[in-house]
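S.K.: one predicted model, sequence on top.
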Amino acid sequence: MQFKLQNKVIIITGGAGTIGKCFVRGVAEKGGIVVVADINFDAAKSLANEMEHEYMGQIEAAYLDITNKESIVTLIADLKHRYGVIDAVVNNAYPRNKNYGIKLESVTYADFCENVNMHLGGYFLVAQQFCLLFKEQGYGNIVNMSSVYGSIAPRFEVYDGTRMTMPVEYAAIKAGIDHLTRYFAQYYKGTGLRINCLSPGGILAGQSNNFLVAYNKYCSSKGMLDANDLLGALIFLLSDDSCFMTGQNLLIDDGYSL
Ligand SMILES: NC(=O)c1ccc[n+]([C@@H]2O[C@H](COP(=O)([O-])OP(=O)(O)OC[C@H]3O[C@@H](n4cnc5c(N)ncnc54)[C@H](O)[C@@H]3O)[C@@H](O)[C@H]2O)c1
């Protein structure tokens, strides 16, 4: 058991975001070569610059829009040309439109479709395009970021007294990602390609104390986790130590979903 990512070329979509930043550092720490692929290229570039002195030559920034096939194809072609192989992609971007996050009764058909298209559709497109290369290579690894809310019904009570809710699109998207993972795993059986999900509970990002108290009642020890608490599971899924795992979903939530 090694949990090593030495010289593995790993793309992290949405790598400049809350969880992405932590994943970029964690993968680089384990020896991986990380591509911070984000629609916010400036944020990706400044993250790569910030970490350059610590992980010389291991982190680069790239522009990527997961909802645009040309953007994905261009990135894959460029990385293939420069690195020869691509080992893994973490489907971690979080696209949403300007009306995302409102209550069920106010969600329009157009907003519902747009959010599902961007997020679930984008994850599909990334997986579809990388699988073409992975099949050609004879190996490749995909980690799809899902959520406990792909597996359990929302706990609306934890949002009482806050402006937050658990968006209806999110439930549909994450449940869709869980099953898309199984579909791809089954479809590509025997090709050396594998695909799994990582499903976190909520991640600490300045939520109010009242919310955290309500949330933490459902947890086992720490309560709401920090993005760093996901790293062990991510590195396991990306490393050869999980080589016989495909089509699975790891829930990392300190017991919240039980
Ligand atoms: N934060 C949480 O509490 C939490 C909990 C469970 C699961 N997740 C999942 O983890 C993943 C990352 O979440 P986060 O909280 O870090 O999100 P975030 O909003 O902090 O970061 C998302 C990143 O995705 C980028 N992005 C948006 N649209 C894009 C597109 N079309 N193409 C490429 N990049 C794009 C953004 O620029 C941003 O850098 C998501 O799948 C999310 O659903 C998050």
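M.R.: Looks like it came in fine. Remember, it's a predicted structure, so these values are computed and weren't measured experimentally.
S.K.: list every C-alpha atom in stretch 15-26, with coordinates, as PDB.
M.R.: Output of stretch 15-26 as PDB, limited to C-alpha atoms (Å, rounded to 0.1, in the frame of the first residue of the first chain):
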ATOM      1  CA  GLY A  15      -9.400  23.300  -9.600                       C
ATOM      2  CA  ALA A  16      -9.400  26.900  -8.600                       C
ATOM      3  CA  GLY A  17     -12.500  26.500  -6.400                       C
ATOM      4  CA  THR A  18     -12.900  25.700  -2.600                       C
ATOM      5  CA  ILE A  19     -12.400  22.000  -2.800                       C
ATOM      6  CA  GLY A  20     -10.300  22.100  -6.000                       C
ATOM      7  CA  LYS A  21      -7.500  24.200  -4.400                       C
ATOM      8  CA  CYS A  22      -7.100  21.700  -1.700                       C
ATOM      9  CA  PHE A  23      -7.100  18.800  -4.100                       C
ATOM     10  CA  VAL A  24      -4.400  20.500  -6.200                       C
ATOM     11  CA  ARG A  25      -2.100  20.800  -3.200                       C
ATOM     12  CA  GLY A  26      -2.900  17.300  -2.000                       C
END
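S.K.: I'd like the average pLDDT over it.
M.R.: Regarding stretch 15-26, the rounded mean pLDDT is 98.
S.K.: for that stretch, buried residues please.
M.R.: Across stretch 15-26, burial judged by 16 or more other C-beta atoms under 10 Å covers Gly15, Ala16, Gly17, Ile19, Gly20, Lys21, Cys22, Phe23, Val24, Arg25, Gly26. Every residue, glycine included, has its C-beta placed from N, CA and C.
S.K.: so who does the last one touch?
M.R.: By C-beta atoms under 8 Å, 6 or more residues apart in numbering, Gly26 lies in contact with Asn228, Leu231, Leu234, Ile235.
S.K.: which outside residues touch the helix ranked longest in the chain?
M.R.: Identified as the longest helix of the chain according to DSSP state H is helix 168-187. For helix 168-187, contacts defined as C-beta under 8 Å, 6+ apart pick out 91, 96, 100, 104, 107, 111-112, 115-116, 119-120, 123-124, 127, 131, 142, 144-147, 149-151, 154, 194-197, 199, 246-249.
S.K.: list, out of those residues, those positioned next to the ligand.
M.R.: Taking C-beta under 6 Å from any ligand atom as the test, the ligand is in contact with Met145, Ser147 out of these.
S.K.: relative to Thr162, how far out is the nearest residue to Arg155 once chain neighbours are set aside?
M.R.: Taking C-beta to C-beta, 6 or more residues apart in numbering, and ignoring the residues beside it in sequence, Arg155 has Tyr218 as its nearest neighbour in space, at 6.7 Å. In this view, Tyr218 and Thr162 are 16 Å apart by C-beta to C-beta, to the nearest Å.
S.K.: who has more neighbours out of these two?
M.R.: Under the neighbour definition other C-beta atoms under 10 Å, Tyr218 and Thr162 were set side by side, and Tyr218 has more, 18 against 12.
S.K.: looks to me like the more buried one is in a strand.
M.R.: No. Applying DSSP: H, G, I helix; E, B strand; the rest coil, one finds Tyr218 to be coil, outside a strand.
S.K.: contacting residues for Asn210?
M.R.: Contacts of Asn210 by C-beta under 8 Å, 6+ apart are Gly161, Thr162.
S.K.: for the closest residue to the ligand within the stretch 151-258 of the chain, list each beta-bridge partner.
M.R.: Going by C-beta to the nearest ligand atom, the ligand is nearest to Ile203 of the stretch 151-258 of the chain, at 3.5 Å. Beta bridges link Ile203 to Leu225, judged by DSSP bridges.
S.K.: ok, now which ones touch it?
M.R.: Contacts for Ile203 (C-beta under 8 Å, 6+ apart) come out as Thr18, Ile19, Met224, Leu225, Asp226, Ala227, Leu230.
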